[in-house]
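> What shape does this take:
(chains A and B)
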Amino acid sequence: MGIDKNLFAKITTHRLKGQSVGNCSWASTKTTFFALIFCAMFSIENLEKGKEKDALKEARKIYKAWTLYDRESAIKQFSTFLENPPKGYCPVVAQSVFDKCKEKLQHYKRLKSPITIEPKKGSASLFPKPAFMKVPSFAAFL
Amino acid sequence: MPFIIKPADMLCIEVYVRSPIEALAATDSKGFMKFIKKDVVTRVIAVATPFFAAIDVMIQGVILAASFPVLLCQRKFSAIKERALGIIPIIKKIFTDAIIGLYDPLRLLPFSSSFALSVKLMSHRFSLEGGEKSGDRTISMEGFSSKFRNIIFDSLHSSAANFFQEEETKKAFSFTDEDVKKTLELFEAFRDIQRDTSKILELSKTKPVILPVYLKNHLIMAAIFKDYLIICNRGGKIVVSNHDQKLHLDPGLQVYTMIDRSNLEEIINYLLSKRLRKKRHKKLQSIFVIWVLIRIFLRK
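Residues are numbered from 1 along each chain as shown, chains lettered A, B, ... in the order given. Presented below is the predicted three-dimensional model:
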């Protein structure tokens, strides 16, 4: 049993730049947020069929503003690791990654979205907290 | 030498020392982790985590066996099935824990896993390539184990939540608080990845359902919502083929509409079948993990 092109009709392809490095798990997940913004437009505004292309255009504006916002806030939050590195953090690696990302951010800003949202302080963290393993309490009896 | 484990010691063991393979690679001659303080007894923990999970399975098995005759007499077959299925996630967890340790080179690095993951999140965000060296270890900027899918999602979700809750965003796109709430609710689709076709069919009537589709060395995502099938791909032009059927996917979003929603089941089954490629590979990994566990016990 295969997938048959007659089962569905293509409405549109909204082209985005292909990934240039091996980060498909990130890039595809991020793109799914674009799809979800598109779904949200249908869900919230009760758009009719046939308006998909317009909805995609609107969703793209939001998506583009968000991706720039996301990178800017990541840079902001990551810089705190440099100022005050938590236990188990390697300052040399952190600095090197930070410098490369900052350089890339300039590139992304040049291709900037028409709407730029400045990240505010006090937002939710984009990075995992140091994880601790919970061991069952009866381990103490070993 | 007998180990005396104090509960206080156990509270501060990071996740990255819990796998047996790491214990093998990173313990010194006395069996202590090289990178962790010696007063934290990591050696026992490294072996004990799968051990306790195995005890869990046994306890569940005993409960099932004990309740089996009663349930059988009462002809509660669905309850038997439910309890039997309840053990599967625990068994999976043992292997997942072991496989993560085996599979993920992050855990062998001389710094904490949360740092390594933060670096990965940054490098993926900014499409960095190559690797960063720390001593004799290198952390690769590319590739992310699918085991950490939730970490990617959490990071993106936090970022999206921050973005939609900014007053500036609401103003720029004329969002009401209700719009923001609804949008963030839809983003929760990532927390509910389904593998069951009937559930996907049911859920997708009211909310988007996400399906990660594993291709050879590549991941694409499919979102199903009402009559829409949206393929999210960023990996250049690829061809998904099954027998004589071929789908050409350009990078970006491909939006399809179902000609008849009754066909959706077939489409979902096809997308889910893409996962099967990994199964044989996982079996081999499991065998290797068992071999590693045996080695650790023999070493003791």
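
> and residue B:211, what does it touch?
Going by C-beta atoms under 8 Å, 6 or more residues apart in numbering or on different chains, residue B:211 touches B:193, B:194, B:200, B:221, B:222, B:223, B:224, B:268, B:271, B:272. Every C-beta, even on glycine, is put in place using the N, C-alpha and C of the backbone.

> switch to 10 Å and redo it
A:32, B:193-195, B:200, B:204, B:220-224, B:229, B:231, B:267-268, B:271-272, B:274-275 (C-beta atoms under 10 Å, 6 or more residues apart in numbering or on different chains).

> Per-residue pLDDT of the residue lying closest to residue A:55 once chain neighbours are set aside, please?
Distances taken as C-beta to C-beta, 6 or more residues apart in numbering or on different chains place residue A:41 nearest to residue A:55, at 4.6 Å, with adjacent residues excluded. pLDDT for residue A:41: 85.

> Pretty sure residue A:41 sits in a helix.
Yes: using DSSP: H, G, I helix; E, B strand; the rest coil, the assignment for residue A:41 is a helix.

> What about it, how many residues nearby?
A count of neighbours around residue A:41, defined by other C-beta atoms under 10 Å in any protein chain shown, yields 21.

> And the strands in chain A, which stretches?
A:8-15 (DSSP state E).

> repeat for the stretch 51-200 of chain B
B:131-134, B:137-140 (DSSP state E, counting those that start in this stretch).

> looking at these, which is closest to chain A?
strand B:131-134 (4.7 Å; C-beta to the nearest C-beta).

> I figured residue B:143 hits residue B:128, correct?
No: contact criterion C-beta atoms under 10 Å: residue B:143 and residue B:128 do not qualify, at 11.8 Å.

> Give me the common contacts of those two.
A:21, A:23, B:120.

> Let me know the closest of the residues you listed to residue B:263.
Each of the shared contacts of residue B:143 and residue B:128 was checked against residue B:263 using C-beta to C-beta; the closest is residue A:23, at 33.0 Å.

> I figured that closest one hits residue B:218, correct?
No: Residue A:23 is beyond contact range of residue B:218, at 11.0 Å (criterion: C-beta under 10 Å).

> Would you mind telling me which of the two has more residues around it?
residue A:23 (27 against 17).

> which residues touch that one?
Neighbours of residue A:23 in contact, by C-beta under 10 Å, 6+ apart: A:29-30, B:120, B:123-129, B:141-144, B:152, B:219, B:234-235.

> go again using 7 Å as the cut-off
B:124, B:127, B:142 (C-beta atoms under 7 Å, 6 or more residues apart in numbering or on different chains).

> Next step: these restricted to helices.
residue B:124 (DSSP state H).

> So which of the contacts of residue A:23 reach chain A?
Among these, proximity to chain A is found for B:124, B:127, B:142 (C-beta under 7 Å from any C-beta of the partner chain).

> Okay, the last one and residue B:117: tell me how far apart.
Same thing as residue B:142. Residue B:142 is 14 Å from residue B:117, where distance means C-beta to C-beta, to the nearest Å.

> and these two? which has more neighbours close in?
residue B:117 (22 against 18).

> That one reaches residue B:151, doesn't it?
Yes: contact criterion C-beta atoms under 7 Å: residue B:117 and residue B:151 qualify, at 5.7 Å.

> what about the helices in the stretch 201-300 of chain B?
B:264-273, B:277-299 (DSSP state H, counting those that start in this stretch).

> wait, I meant chain A
Under DSSP H, chain A gives helices at A:24-45, A:52-83, A:91-110.

> The longest one packs against which elements?
Taking 3 or more C-beta pairs under 7 Å, 6 or more residues apart in numbering or on different chains; DSSP states H and E as the contact definition, the neighbouring helices and strands of helix A:52-83 are strand A:8-15, helix A:24-45, helix A:91-110, helix B:113-125, helix B:149-165.

> that older thread, which one of the helices of chain A is the most hemmed in?
Most buried of the helices of chain A, by mean neighbour count (mean count of other C-beta atoms under 10 Å in any protein chain shown): helix A:24-45, with a mean of 24.

> where are the low-confidence patches of chain A?
A:1-7, A:45, A:47, A:112-113, A:121-122, A:130-142 (pLDDT under 70).
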